[in-house]
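Participant: Quick one: sequence and predicted model below, then my questions.
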Amino acid sequence: MLKQAKNIYFIGIGGIGISAIARMLLLQGKKVSGSDRDDSKVTEELRKAGATIFIGAKKENVPTDCDLVIYTVAIPADNPELMEVKARGLKLLTYPETLNIISKEKYTIAISGTHGKTTVTAMVAKVMIDAGLDPTVIVGSLIGTTNFIMGKSKYFVVEADEYKKSFHNLEPSILVINNLDLDHLDFYKDLADIQDSFLHLAKKLPADGFLICNTKLPNLKPIIDKVKCQIIDYSELELKEKLLVPGEHNRQNAKTALGVAQALNIDLEKAEKSLSQFAGTWRRFEYKGKTKSGALIYDDYAHNPQKVKAALQGARELFPDKKIKVVFQPHLFSRTKLLLNEFATAFGDADEVILAPIFPAREVFDPTISSEILAERIRTTLKSEFDPSLEKAGKAEMTVRALPDFEQIETYLKSSLGPNDVLITMGAGEQYRIGEALLTF
């Protein structure tokens, strides 16, 4: 279906995964158009590559000569473009179904896990490219200005998303499970449900395939016990080279990439050298610039407690003597509510936490949870866990506040940021715009 199609329309074309498919088809010389709710760096780069992009969903956007529509599973059933496509009887594929078509034709290396998979995917891609394996790559971020690399070999490296079991459409020969924790609880019932989903994918591995994981992680035991492929424990690999990206989480990510290198018979010393030159990806502790007052601005996509904690530990490691200020926009009412206690303990390496209103994404408003409630829970946790010995490090002065909109956050920061501050805008919403605005005043 993909090979025959000449004019493809994408619903939700700005999504980080689906946009990679759009880019791939553009490189194949096909006509590509699509829509999304907002403009972004992703849609901007797609326009430069030759795609026609519409902002807002209207049935008139779908081309009259369209012969295939690819859409994200995140859009609602009453999306006007989706309803129009179905009424016209056009061929339809979801993004995961499209990945399935590509995956079946390649030696697939799927990078999964509750957190860290984007960085691991990018690291694996770099190691393989530097080793001359020329893979095709889909990553959930931008490496430079692209989230897609068109390779000529049999290898396909892809970030495997567990949301709505999308990764079940992949046919992996190598599977990375970087870690496994509670997340996407608007879809999964509990930890056991998440484990069952990962197990379903792991069982697809052939006998001569590889599962790359840390066998000591208790949440992975139900999966490890039931697979019949070879297992490489990345936690047992030694990382000698110093990385450009900070934090213990990135050192573990690099070990995971080394595990893939071992499975592919890449020389591990050369793989380490490649990893030592890895500079990170878009929105993963991405340096944005310096304000006129001398404050450093970073942005990070961290949106669950483990990612927040890891990102801040990395920041503290890199800037031990600076004040770390965080603007965090919680993502989803359900995630914030269900992981409230976990979020409350995730900001320990920050000196100040500023909470923006919850980004609802696909969810309807829930009055029982808010950023104000999260702020109060963080304050309560700080008081109950405060160690007087930390007072010398300034922790006694840590402040937490929730502000009603981006404008008030910007106003507050304009008057309070100084040369000893590092500001990190954090979350899966639109809080990065705050950091970008601060760089212009």
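Facilitator: Yep, it's here. Numbers count the residues shown, from 1 in each chain.
Participant: Report the contact partners of residue 115.
Facilitator: Residue 115 makes contact with 178-179, 181, 183, 249, 304, 306-307, 310, according to C-beta atoms under 8 Å, 6 or more residues apart in numbering. C-beta: built from backbone N, CA, C; applies to glycine.
Participant: and the two most separated of the residues you listed?
Facilitator: Pairwise distances across those (C-beta to C-beta) peak at 15.4 Å, for the pair 183 and 249.
Participant: related to what we said a few turns ago, so which one of the contacts of residue 115 is the model least confident about?
Facilitator: Lowest pLDDT within the contacts of residue 115 is found at residue 183 (76).
Participant: quick one on the thing from earlier: select from the contacts of residue 115 the one having the most neighbours.
Facilitator: Highest neighbour count within the contacts of residue 115: residue 178, with 26 neighbours (other C-beta atoms under 10 Å).
Participant: is it true that it touches residue 256?
Facilitator: Yes: counting by C-beta atoms under 8 Å, residue 178 touches residue 256, with 5.5 Å between them.
Participant: Show me the common contact partners of those two, please.
Facilitator: 116, 120.
Participant: Quick one: the contacts of residue 115 as JSON lines, columns for distance to residue 264 and secondary structure too.
Facilitator: Output for these, formatted as JSON lines (distance: C-beta to C-beta, whole Å; DSSP: H, G, I helix; E, B strand; the rest coil):
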{"residue": "178", "distance to residue 264": "17", "secondary structure": "coil"}
{"residue": "179", "distance to residue 264": "21", "secondary structure": "coil"}
{"residue": "181", "distance to residue 264": "27", "secondary structure": "coil"}
{"residue": "183", "distance to residue 264": "29", "secondary structure": "coil"}
{"residue": "249", "distance to residue 264": "23", "secondary structure": "helix"}
{"residue": "304", "distance to residue 264": "30", "secondary structure": "coil"}
{"residue": "306", "distance to residue 264": "28", "secondary structure": "helix"}
{"residue": "307", "distance to residue 264": "27", "secondary structure": "helix"}
{"residue": "310", "distance to residue 264": "26", "secondary structure": "helix"}
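Participant: export these to TSV and tack on distance to residue 231?
Facilitator: What follows is the contacts of residue 115, written out as TSV (distance: C-beta to C-beta, whole Å):
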residue	distance to residue 231
178	14
179	15
181	20
183	24
249	22
304	26
306	23
307	25
310	24
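Participant: Sort out which one of those residues lies nearest residue 438 for me.
Facilitator: When the contacts of residue 115 are compared against residue 438 (criterion: C-beta to C-beta), the nearest one is residue 307, at 22.7 Å.
Participant: I'd like to know how far the closest one sits from residue 52.
Facilitator: Here the criterion is C-beta to C-beta, to the nearest Å. By it, residue 307 lies 34 Å from residue 52.
Participant: Residue 226 now?
Facilitator: With C-beta to C-beta as the criterion, residue 226 and residue 52 are 47 Å apart.
Participant: Just want to know which of the two has more residues nearby.
Facilitator: residue 52 (15 against 10).
Participant: Quick check: beta-bridge partners of that one?
Facilitator: On the basis of DSSP bridges, residue 52 is bridged to residue 33.
Participant: Report pLDDT for it.
Facilitator: In the predicted model, residue 52 carries a pLDDT score of 97.
Participant: That one reaches residue 33, doesn't it?
Facilitator: Yes: using C-beta under 8 Å, residue 52 is in contact with residue 33, at 3.9 Å.
Participant: those strands in the stretch 151-300 of the chain, which residues are they?
Facilitator: Along the stretch 151-300 of the chain, counting by DSSP state E, counting those that start in this stretch, strands occupy 155-159, 172-177, 210-213, 230-233, 286-290, 296-300.
Participant: which of these has the lowest average pLDDT?
Facilitator: Mean pLDDT across the strands of the stretch 151-300 of the chain is lowest at strand 286-290; the value there is a mean of 90.
Participant: Give me the below-cutoff pLDDT ranges for the stretch 51-200 of the chain.
Facilitator: Low-confidence segments of the stretch 51-200 of the chain, defined by pLDDT under 70: 144-145.
Participant: just the helices in it please.
Facilitator: 80-88, 95-104, 117-130, 191-202 (DSSP state H, counting those that start in this stretch).
Participant: quick one, which of those is packed in tightest?
Facilitator: helix 117-130 (a mean of 26; mean count of other C-beta atoms under 10 Å).
Participant: which residues touch that helix?
Facilitator: Contacts for helix 117-130 (C-beta under 8 Å, 6+ apart): 109, 111, 113, 134-135, 137-141, 143, 149, 155, 157-160, 176, 178, 245, 250, 253-254, 256-257, 260-261, 264, 266, 270-271, 273-275, 277-278, 280-281, 284, 301.
Participant: Can you select the buried ones among these for me in ChimeraX?
Facilitator: Buried subset of the contacts of helix 117-130, written as a ChimeraX selection, criterion 16 or more other C-beta atoms under 10 Å:
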select :109,111,113,135,137,138,139,140,141,143,149,155,157,158,159,160,176,178,245,250,253,254,256,257,260,261,264,266,271,274,275,278,280,281,284,301
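Participant: Bridging across strands, which residues link to residue 331?
Facilitator: Beta-bridge partners, per DSSP bridges, of residue 331: residue 359.
Participant: if I pick it, what's in contact with it?
Facilitator: Per C-beta under 8 Å, 6+ apart, neighbours of residue 331: 303, 358-359, 361, 427-429.
Participant: Please list only the buried members of the residues you listed.
Facilitator: 303, 358-359, 427-429.
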